[in-house]
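A.B. asks: just need the structure, nothing else, for what follows:
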Amino acid sequence: MRFLFPVRACMERAIRRKKTIIALAVLCLISFILGIVFIKTPAAYEYYLKLCDRFIDRVCFSQVSVLLIFVERTVGFTLIVMLLLVAGVHPAGLILPPALLVYRFYTFGGSVAIFLSVYRMTGVLIVTVLYLPVHLLIDIVCIAATSLSCSRACRFRFSKDDFCELGSDLVILFALIAAICLLEMLLLLVLFHPLGNIL
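C.D. replies: Residues are numbered from 1 along each chain as shown. Alright, predicted model coming up:
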């Protein structure tokens with residue numbers, strides 16, 4: 001079970017900064033609410049509508065293989081987490097994680113409002129069983145990555161050990177993202193995609 005030691009160490013470092021996590025959670029909640037509040041502005045409404053249409057067309061009811069969707073989503077989320085982790089190599093980079101999280105939750109709030117108000121029952125199904133749980137699980141990983149960056153920023157010395165720790169964190173968070181995207185793929189396969197659309 002020694003291979004689990006890096007995972008445990010990574011998670012312990014992520015949850016050690018409880019004040020950081022609480023502050024990020026509050027920031028994300030405020031951004032989520034603001035995303036819903038400002039949905040009525042024409043520019044925001046059109047933007048959210050395009051986001052939701054793209055999610056439905058390219059993920060929920062796409063004719064593309066669910067395996068390809070899994071790969072694309074995993075790579076996309078991994079790039080976000082990579083940016084969050086790399087931001088921790090210098091204190092100045094810590095401005096990036098909160099900005100990314102604010103954007104994610106701002107658009108998250110607006111998109112949920114669009115799904116529920118425009119797509120009615122289909123939107124309720126998508127939000128309840130797919131969009132909301134997957135988004136929140138990915139956001140937990142993003143907040144963990146931000147916490148790790150905050151704990152690393154002031155002590156990163158560009159040494160071999162520091163880069164090894166950074167690489168280890170990325171591999172662990174990548175595994176978590178892959179597991180979440182695998183869950184999403186299974187949900188897509190069961191609820192939205194025909195069995196013939198596996199490959």
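A.B. asks: in this protein, which helix has the most residues?
C.D. replies: Assignment by DSSP state H gives helix 160-191 as the longest helix of the chain.
A.B. asks: what separates it from the chain centre, distance-wise?
C.D. replies: How far helix 160-191 lies from its chain's middle: 11 Å, per C-alpha atoms, centre = their mean, to the nearest Å.
A.B. asks: any idea how far the residue nearest the centre of the chain lies from residue 118?
C.D. replies: By C-alpha atoms, centre = their mean, the chain has its centre lying nearest to residue 138, at 3.3 Å. Distance, residue 138 to residue 118, by C-beta to C-beta, to the nearest Å: 23 Å. C-beta here means a position set from N, CA and C on the backbone, and glycine is covered the same way.
A.B. asks: which elements pack onto the strand or helix carrying residue 108?
C.D. replies: Following DSSP states H and E, one finds residue 108 within helix 96-118. Other helices and strands packing on helix 96-118, by 3 or more C-beta pairs under 8 Å, 6 or more residues apart in numbering; DSSP states H and E, are helix 18-37, helix 42-55, helix 66-86, helix 120-126, helix 132-152.
A.B. asks: can you rerun that using 6 Å?
C.D. replies: Counting contacts by 3 or more C-beta pairs under 6 Å, 6 or more residues apart in numbering; DSSP states H and E, helix 96-118 is packed against helix 18-37, helix 42-55, helix 120-126, helix 132-152.
A.B. asks: out of those helices, nearest to residue 85?
C.D. replies: helix 132-152 (5.2 Å; C-beta to C-beta).
A.B. asks: which parts of the closest one are buried?
C.D. replies: Within helix 132-152, the residues scored as buried using 16 or more other C-beta atoms under 10 Å are 134-135, 137-139, 141-152.
A.B. asks: try stretch 72-92
C.D. replies: Buried positions in stretch 72-92, judged by neighbour count with 16+ other C-beta under 10 Å: 73-74, 77-78, 80-81, 83-85, 87-89.
A.B. asks: now do the helix or strand bottoming out on mean pLDDT in the chain: which elements does it pack against?
C.D. replies: Within the chain, no helix or strand scores below helix 5-16, which has a mean of 80 by mean pLDDT, DSSP states H and E. Packing contacts for helix 5-16, counted by 3+ C-beta pairs under 6 Å, 6+ apart, involve helix 132-152, helix 160-191.
A.B. asks: sweet, I'm off.
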